[in-house]
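Predicted coordinates and the sequence they were generated for:
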Amino acid sequence: MATSWNITLNDTSPVFTYYPYYDGFGTGNGWQIWYSETGYNTAFANPGVGISAHITSLPGANVTLSFYGTGIELHGVANCTFDVTVDGIFSPSLSSSSDILYSSQTLSEGTHSFTLTAHPTSGQQLAFENAVIYIEQAIPQMASYSNTNTTFLDYTGNWSVSTDTHVPGSFFHFTETTGSSVSTTFGGSSAVVLQGIVNWGNWQYTVSLNGTQSVLNASSFWFIPDTTLFYEGGLDPTQNYVLNIADTSQDGNKLAINSVKLYQPQPTTLSSSSKPSNTGEIVGAIVGVVVLLALVVGFLFWRRSRRLKTAILRRNSNLLANEILPRARATQFPALATPYIISSATANIRPEKFPLIPIGRSIGVNDSLRERALARGPGSVTSSSSPYSEASNKSGGSLSSSARSRQRPLPTPPVSVSSPALSAREVYHSPRPSRLEPSAQIPDSEVDRILEIIASRIDMPERNLSSPPPQYRS
């Protein structure tokens, strides 16, 4: 079965292209970054706390991404319709009631692109949180190289090292000089990720991978301490790649990096079970001999127990044949009770044990009788669940007032039968058949035979106590 792995690109990553802009003020004008704990920005370079999202209420605002993989999933929330275009295939007027705006897991392995376009009306919004990219490959191992690893990274130009508690590992490299760059050469990888800082005062930079260049922007009104500055998948592990990152903005604008991550396929090893081993052959032979001996012993035991069981059954059948005679079986059985015939004359007779309760009228007997006449079936169940509440699985509920005011309907009276009918007085005073009828008289010859059997069992011949007891006959 095919395996896959995935990588999540947060909405704050410069690899996304936002229209009309990446970050601004007022969702009605375009996209604005929001954090679940901090909310909207109130000051430049303010660090965000919580889960981030790009929010817009501008009709036609969109976000685009090119990626390598076999599937993609867009996360966020929306109370408006939106369109999604993947590789030119347009899916219009979509909506979502969960945190998954769109999902496609059947893409061919390769480079794809998607565009998410919002269509909010008055008071509606769309919030985009992240994109999860799926690659149908064996799960790789990730190797992370810190910005302070000058053996792996080669810095050129004017770079400085600084610290911030919000940055993973606290240390980061930054430059404010146009043309300053950092590069590395690597191989044996299927994907590469560059992590860095997006901040107020940061600006344009370029990333070149084996000569293919991408122009990106790390500017925002927020201080975002760690996000993906560059991602490229679908690399050939057998090839070497040269990664180069350069500051192309004017002097005074910063570029800051945190780390470089390489996703490397795990080497396949020959399992020990596939290697030839004499020990396995020896163990297999021993197990085979043990199984064969167990089958032989089991067969002998089954054969002996079957013979013993057959001998016991034969002896018992002989004893039963000598003691139970066909003449001793009963020849007569108690007569069945005659069934009642219900007719129009007898239909009005009711047993006095269960008095009828007129509908809607209380009587002077125990009130529990009246309670038993109320409806017992399920009525209308009231619920206070909101439209967003999950369906309850509870069986309890309160009956509506209309259900309590109704009584269970009475059964339909029986249809009259055309057979001869008795009067009410005749039915009441007619004798009822008893449950037990006197059994049939047993002939004297049968009694004598029974007495002979009993006497033969009582008058047993005395056994010599010195002789051994009799054995079972085989």
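Nice, thanks for sending it over.

Paired strands for the strand or helix carrying E232, with orientation please.
If you go by DSSP states H and E, E232 is part of strand 222-233. Sheet pairing of strand 222-233 (DSSP bridges) gives strand 46-47 (parallel), strand 191-198 (antiparallel).

Let me have the ones you listed in CSV, extended by mean neighbour count.
All C-beta atoms are positioned from the backbone trio N, CA, C, and that covers glycine. What follows is the strands paired with strand 222-233, written out as CSV (neighbours: other CB atoms under 10 Å):
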stretch, mean neighbour count
strand 46-47, 14
strand 191-198, 23
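
With distance to L126 and mean pLDDT as extra columns, can I get those in CSV?
Shown next, in CSV, are these (distance: least, CB to CB, whole Å; pLDDT from 0 to 100):
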stretch, distance to L126, mean pLDDT
strand 46-47, 23, 92
strand 191-198, 21, 98
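
quick one: which of the ones you listed is nearest L300?
strand 191-198 (66.6 Å; CB to CB).

Alpha carbons of the closest one, in CSV - could you do that?
Extracted C-alpha coordinates of strand 191-198, given in CSV (Å, rounded to 0.1, in the frame of the first residue of the first chain):
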residue,chain,number,x,y,z
ALA,A,191,12.7,18.6,-0.7
VAL,A,192,14.3,21.7,0.9
VAL,A,193,12.7,24.3,3.2
LEU,A,194,14.2,27.7,4.3
GLN,A,195,12.9,29.1,7.6
GLY,A,196,13.2,32.8,8.5
ILE,A,197,11.7,36.0,9.8
VAL,A,198,8.9,38.1,8.3
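
Which elements pack onto whichever helix or strand comes after that strand?
Per DSSP H and E, the first helix or strand lying C-terminal to strand 191-198 is strand 204-209. Under the contact definition 3 or more CB pairs under 8 Å, 6 or more residues apart in numbering; DSSP states H and E, strand 204-209 sits against strand 212-217, strand 222-233, strand 240-247.

Now do the same contact list for the closest residue to L107 other than its chain neighbours.
Sequence neighbours aside, T70 is the residue nearest to L107 in space, at 5.2 Å (criterion: CB to CB, 6 or more residues apart in numbering). Neighbouring residues of T70 by CB atoms under 8 Å, 6 or more residues apart in numbering: S4, Q105, T106, L107, S108, E109, Y134, I135, E136.

which ones among the residues you listed are found in strands?
Residues of the contacts of T70 located in strands (DSSP state E): Y134, I135.

need the contacts of T70 in CSV with pLDDT, neighbour count and distance to G288, can you?
Shown next, in CSV, are these (pLDDT from 0 to 100; neighbours: other CB atoms under 10 Å; distance: CB to CB, whole Å):
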residue, pLDDT, neighbour count, distance to G288
S4, 87, 14, 43
Q105, 94, 12, 48
T106, 93, 6, 49
L107, 96, 17, 52
S108, 96, 9, 50
E109, 95, 14, 48
Y134, 97, 19, 48
I135, 95, 23, 47
E136, 93, 15, 43
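
which one of the contacts of T70 is nearest A256?
Nearest to A256, judged by CB to CB, of the contacts of T70 is I135 at 28.3 Å.

and P140, how many neighbours?
17 (other CB atoms under 10 Å).

For the residue nearest to it when sequence neighbours are not counted, list each beta-bridge partner.
Spatial nearest neighbour of P140, excluding adjacent residues (CB to CB, 6+ apart): Y263 at 4.3 Å. Beta-bridge partners for Y263, by DSSP bridges, are M142, A191.

re the thing from before, mean confidence for the strand holding E232?
Averaging pLDDT along strand 222-233 gives 97.

Quick check: buried residues in it?
Of all the residues in strand 222-233, those buried under the rule 16 or more other CB atoms under 10 Å are W222, F223, I224, P225, D226, T227, T228, L229, F230, Y231, E232, G233.

again with stretch 22-37
Within stretch 22-37, the residues that qualify as buried are Y22, D23, G24, T27, G30, W31, Q32, I33, W34, Y35, counting by 16+ other CB under 10 Å.

Keep only those of the residues you listed that are in helices.
Assignment to helices by DSSP state H places none of the buried residues of stretch 22-37 there.

thought the residue nearest to P140 was touching A138?
No: contact between Y263 and A138 fails when scored by CB atoms under 8 Å: they sit 10.8 Å apart.

more crowded one of the two?
Taking neighbours as other CB under 10 Å, Y263 and A138 compare with Y263 leading, 21 against 13.

lowest-pLDDT helix or strand in the chain?
Scoring the helices and strands of the chain by mean pLDDT, DSSP states H and E places helix 401-405 at the bottom, with a mean of 36.

related to what we said a few turns ago, for F171, which of the strands paired with strand 222-233 is the nearest?
strand 191-198 (11.8 Å).

what angle sits between the closest one and strand 204-209?
Here strand 191-198 runs at an angle of 170 degrees relative to strand 204-209 (axes from the mean of the first three to the mean of the last three CA atoms, to 10 degrees).

what angle sits between strand 191-198 and strand 212-217?
20 degrees.

buried set for stretch 69-82?
Neighbour-count burial for stretch 69-82 flags 69-78, 80-82 (criterion: 16+ other CB under 10 Å).

let me fix that: stretch 172-189
Of the residues in stretch 172-189, 172-178, 180-182, 184, 186, 188-189 count as buried by neighbour count, 16+ other CB under 10 Å.

got those residues as JSON lines, with pLDDT and secondary structure columns?
JSON lines is the format used below for these (pLDDT from 0 to 100; DSSP: H, G, I helix; E, B strand; the rest coil):
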{"residue": "F172", "pLDDT": "98", "secondary structure": "strand"}
{"residue": "H173", "pLDDT": "98", "secondary structure": "strand"}
{"residue": "F174", "pLDDT": "98", "secondary structure": "strand"}
{"residue": "T175", "pLDDT": "97", "secondary structure": "strand"}
{"residue": "E176", "pLDDT": "96", "secondary structure": "coil"}
{"residue": "T177", "pLDDT": "96", "secondary structure": "coil"}
{"residue": "T178", "pLDDT": "96", "secondary structure": "coil"}
{"residue": "S180", "pLDDT": "97", "secondary structure": "coil"}
{"residue": "S181", "pLDDT": "98", "secondary structure": "strand"}
{"residue": "V182", "pLDDT": "98", "secondary structure": "strand"}
{"residue": "T184", "pLDDT": "98", "secondary structure": "strand"}
{"residue": "F186", "pLDDT": "97", "secondary structure": "strand"}
{"residue": "G188", "pLDDT": "96", "secondary structure": "coil"}
{"residue": "S189", "pLDDT": "96", "secondary structure": "coil"}
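
what's the most distant pair in the residues you listed?
Using CB to CB, those span at most 34.3 Å, a distance reached by E176 and G188.

and the residue nearest to P140, what does it touch?
Y263 touches I7, P140, Q141, M142, S189, S190, A191, V192, V193, G233, counting by CB under 8 Å, 6+ apart.

same question for stretch 254-266, mean pLDDT?
Averaged across stretch 254-266, the pLDDT comes to 96.

next one: stretch 83-92
For stretch 83-92, the mean per-residue pLDDT is 97.

Now tell me what touches that stretch from outside.
Contacts to stretch 83-92, defined as CB under 8 Å, 6+ apart, come from residues 72, 74, 93-94, 101-102, 104, 107, 112-117, 119.

check contacts around L101.
By CB under 8 Å, 6+ apart, the contact list for L101 reads L74, H75, G76, V77, A78, F82, V84, L94, L116, F128.

Pull up the distance across stretch 131-148, start to finish.
This stretch, stretch 131-148, spans 29 Å end to end (CA to CA, to the nearest Å).
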